[in-house]
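1. attaching a predicted model along with its sequence, questions to come.
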Amino acid sequence: MTALRMLIAGSLGLGLLAGCTYYQTAPGVYTTAPVSTFDRSWSAARNAMQEEGVRIMQEDRATGTLRGDRNGIAVQALVNTQADGSVRVQFSTVGATQVDPQLIERISSSYDRLMGR
């Protein structure tokens, strides 16, 4: 009787294994979706401003505008996608720039470094 049970259990086990299907990945190259150049530029511009102590007051991704302030100096970054797909980033400062005349250059350098330039 025990041998019969073992034979039935073994047959059921083999039957279950035969019912399993293994799906192999189709050949080809798989990559993760790349970060868009706009997103990368936006993040780099935002982080560059923050690294230099600019407190960001307004963000509008739809228009590509970042506005902030540091010691009475208003800082603005414009991130725009151009017709050829490239992204243009422009930083500007207004106000008491004599307090920190090198701020705009430091932000620009931080941006370039964050973009890997």
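-> Received it, and whenever you're ready, just let me know what you need.
2. please make it C-alpha for all contacts and neighbour counts, starting now.
-> OK.
3. shaky segments in this structure?
-> 1, 6-7, 9-35 (pLDDT under 70).
4. quick one: the helices in it?
-> 2-19, 37-51, 103-114 (DSSP state H).
5. most tightly packed of the ones you listed?
-> For the helices of the chain, the largest average neighbour count (mean count of other C-alpha atoms under 10 Å) is found in helix 37-51, namely a mean of 19.
6. what's the burial count for the residue nearest to R67 when sequence neighbours are not counted?
-> In space, R67 comes closest to Q76 once its chain neighbours are excluded; the distance is 4.5 Å by C-alpha to C-alpha, 6 or more residues apart in numbering. Neighbour count for Q76, taken as other C-alpha atoms under 10 Å: 23.
7. so Q76 sits right up against G68, yeah?
-> Yes - if you go by C-alpha atoms under 8 Å, Q76 and G68 touch, sitting 6.4 Å apart.
8. returning to that earlier point: go through the helices of the chain and name the closest to V87.
-> Counting by C-alpha to C-alpha, V87 lies closest to helix 37-51 out of these; the figure is 6.2 Å.
9. who's in contact with that closest one?
-> Helix 37-51 is touched from outside by 55-56, 64, 66, 77, 79-81, 86-87, 89, 107-108, 110-111, 114-115, with contacts defined as C-alpha atoms under 8 Å, 6 or more residues apart in numbering.
10. 7 Å instead, please
-> Applying C-alpha atoms under 7 Å, 6 or more residues apart in numbering, the contact partners of helix 37-51 are 77, 79, 81, 87, 107, 110-111, 114-115.
11. can you add distance to V94 and give those back as a markdown table?
-> Output for the contacts of helix 37-51, formatted as a markdown table (distance: C-alpha to C-alpha, whole Å):
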| residue | distance to V94 |
| --- | --- |
| A77 | 12 |
| V79 | 18 |
| T81 | 24 |
| V87 | 23 |
| I107 | 14 |
| S110 | 19 |
| Y111 | 19 |
| L114 | 24 |
| M115 | 25 |
